[in-house]
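[1] Dropping the sequence and predicted coords here.
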Amino acid sequence: QIPAPTRSYNIIMVQTRAQKAGDTPQRKPRATPQTRSTAPKANGAQKASSGNTRSREKAVAASPKPHEDAGQPVTSKTAIVGAIVVLLISYFTMPNSLQPVGRPTVHHVWYFGWISAISTGLGVLPLVFAPDLDTYWVGVSNAIAAGMMVAASYSLMAEGCTFDEPDDLSEISSSVRTLIGAILGLVFIVGTKKFLEQHEEYHIGDLAGADFRRVLLIIFVMTLHSFSEGVGIGVSFGGENGGELGVFISASLAVHNVPEGLAVAVVLLPRKVSKLTAALWCIGTSIPQPLMAVPAFIFVHYFIPILPVGLGFAGGAMAWVALFELLSEAFEDTKSTTATGVISSISLLVMLWLQNSIDDATH
């Protein structure tokens, strides 16, 4: 055994040699009460700073850009291209002489049907400066559109029932043919509605669900009645005095199409559809006019007997949409049966007056 003093001396010598060799590990400084209290604060400050930075980044990403306005509908590139196409067709298909000399040509029939169709887009003009509409004014717009469509439906049915053309060789009276067409129109539009209700995933831009279904039904019925108007243009050019009568009928239909375009526009614009897009949809509802005018002009004797059926078909479908879609929504939005009834009645009477004035000028 080594005596105690000698052991202490050996331990001291070992420690001294280790220090000289540089093997002594560096001790970490003891944490004082001050350092213990400041370390958590520093960590917390760093976390808070990073959290604030993330919050600022999220806020900047979520904030709208200066040129974006969520309340205003944006005109799509497709709508701009569509407007350019309409202008190009209007320019390049124009005949050398608008007034036919002698017997009208297919070129004249097409172009007058086209002019009648694009005039429907002018229905948007009264609403160009209209502000954003709240729910009440959307209901008022629907009431106005309903009145216009009921008047148009009445005019179509009346024209079909009183149809009298020397070349009409059908043994079935025009009234019966109009009634058959109206029943077919009702069946078609009800079937279309049920189909759309089963396919809620369909949409037009931002329109979906009930808004999409209602707008599409209106576009359908306005397009359907354009078929009969196109046949009317073609038949008018095919008569004995087709050069003068066809031009006059086309011009009267062009004027008649403006309030019909308004009926479509007052339904589209409150649903955040841009004005240019709404104008193109209005024109689209009348595209069947030039498309049907040409074959009706070429095969006039075949188209005359079915014209009352087409008038009844469009009239029946239009009446159903006006009464069971537009008016019902107008009642819901305005919360006033009296206001909706008065507005739609005034709209109906004004539309009837316009149509009678055009018919009187035509005859």
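    Now that the structure is in, tell me what you want to look at.
[2] from here on, contacts and neighbour counts on C-alpha atoms
    Noted.
[3] list the contacts for Gly185?
    Contact criterion CA atoms under 8 Å, 6 or more residues apart in numbering gives 312-317 as the residues in contact with Gly185.
[4] Could you measure from it over to Phe303?
    Plainly put, Gly185 is 18 Å away from Phe303 if you go by CA to CA, to the nearest Å.
[5] if we take the contacts of Gly185, which one ends up nearest to Thr192?
    Each of those was scored against Thr192 by CA to CA, and Ala317 proved nearest at 10.6 Å.
[6] what's that closest one in contact with, if anything?
    Neighbour list for Ala317: 182, 185-186, 188-189, 221 [criterion: CA under 8 Å, 6+ apart].
[7] which SSE is it in?
    Under the criterion DSSP states H and E, the helix or strand holding Ala317 is helix 307-321.
[8] Check the model's average confidence along that helix for me.
    Model confidence over helix 307-321 averages 85 on the pLDDT scale.
[9] If we go by neighbour counts, what in the helix or strand just after it is buried?
    Past helix 307-321, heading to the C-terminal end, the next element that is a helix or strand (DSSP H and E) is helix 327-334. Of the residues in helix 327-334, those buried under the neighbour-count criterion (16 or more other CA atoms under 10 Å) are 327-331, 333-334.
[10] just curious, which of those is nearest to Leu127?
    The shortest separation between Leu127 and any of those is 18.4 Å, and it belongs to Ala330 (by CA to CA).
[11] pretty sure the closest one contacts Gly341?
    No - under the criterion of CA atoms under 8 Å, Ala330 is not in contact with Gly341, lying 9.4 Å apart.
[12] between these two, what contacts are shared?
    Applying CA under 8 Å, 6+ apart, one finds that Ala330 and Gly341 are jointly contacted by Ala143.
[13] Mind listing residues that contact stretch 138-156?
    When contacts are defined by CA under 8 Å, 6+ apart, stretch 138-156 is touched by residues 259-260, 262-264, 266-267, 270, 311-312, 314-316, 318-319, 322-323, 326-327, 329-334, 340-341, 343-349, 351-352, 355.
[14] 6 Å instead?
    Contact partners of stretch 138-156, identified using CA atoms under 6 Å, 6 or more residues apart in numbering, comprise 263, 266, 311, 315, 318-319, 322, 326-327, 330, 333-334, 340, 344, 347-348, 351-352.
[15] just for this protein, where's the confidence low?
    Judged by pLDDT under 70, the chain has its weakly predicted residues at 1-72, 130-133, 199-211, 239-242, 358-359, 361-363.
[16] Which residue ranges of it form strands?
    Applying DSSP state E to the chain gives strands spanning 203-204, 207-208.
[17] where along this structure do the helices fall?
    In the chain, the segments counted as helices under DSSP state H are 4-21, 33-62, 77-92, 106-118, 135-161, 174-197, 209-238, 242-268, 275-285, 288-298, 300-303, 307-321, 327-334, 337-362.
[18] Out of those, which one sits most buried?
    helix 307-321 (a mean of 28; mean count of other CA atoms under 10 Å).
[19] from the chain's centre, how far out does it sit?
    Going by CA atoms, centre = their mean, to the nearest Å, the spacing between the C-alpha centre of helix 307-321 and its chain's C-alpha centre is 23 Å.
[20] what about Asp97, distance to Ala330?
    Rather than Asp, residue 97 is Ser. Using CA to CA, we find Ser97 at a distance of 47 Å from Ala330.
[21] ugh, typo on my part, it should be Ser116
    The value you get for Ser116 to Ala330, if CA to CA is used, is 30 Å.
[22] Now for Ser76, how many residues are close by?
    By the criterion of other CA atoms under 10 Å, Ser76 has 13 neighbours.
[23] Please tell me how far it sits from Val190.
    From Ser76 over to Val190 (counting by CA to CA), the distance is 32 Å.
[24] and if you look at Arg214?
    On the measure of CA to CA, Arg214 and Val190 end up 12 Å apart.
[25] Need the overlap of contacts for those two.
    Residues within reach of Arg214 and of Val190 at once, by CA under 6 Å, 6+ apart: there are none.
[26] Can you tell me the closest non-neighbouring residue to Ile189?
    Among residues not flanking Ile189 along the chain, Ala317 sits closest, at 5.8 Å (CA to CA, 6 or more residues apart in numbering).
[27] Hmm, I typed the wrong one, I wanted Val101.
    Nearest-residue entry for Val101: Gly243, 7.2 Å, with adjacent residues in sequence omitted and distances by CA to CA, 6+ apart.
[28] next one: Ala314
    With sequence-adjacent residues excluded and distances taken as CA to CA, 6+ apart, Ala314 is closest to His225, at 4.5 Å.
[29] The one you found reaches Gly315, doesn't it?
    No - taking CA atoms under 6 Å as the definition, His225 is not a contact partner of Gly315, at 7.2 Å.
[30] Right, I'll call it a day here.
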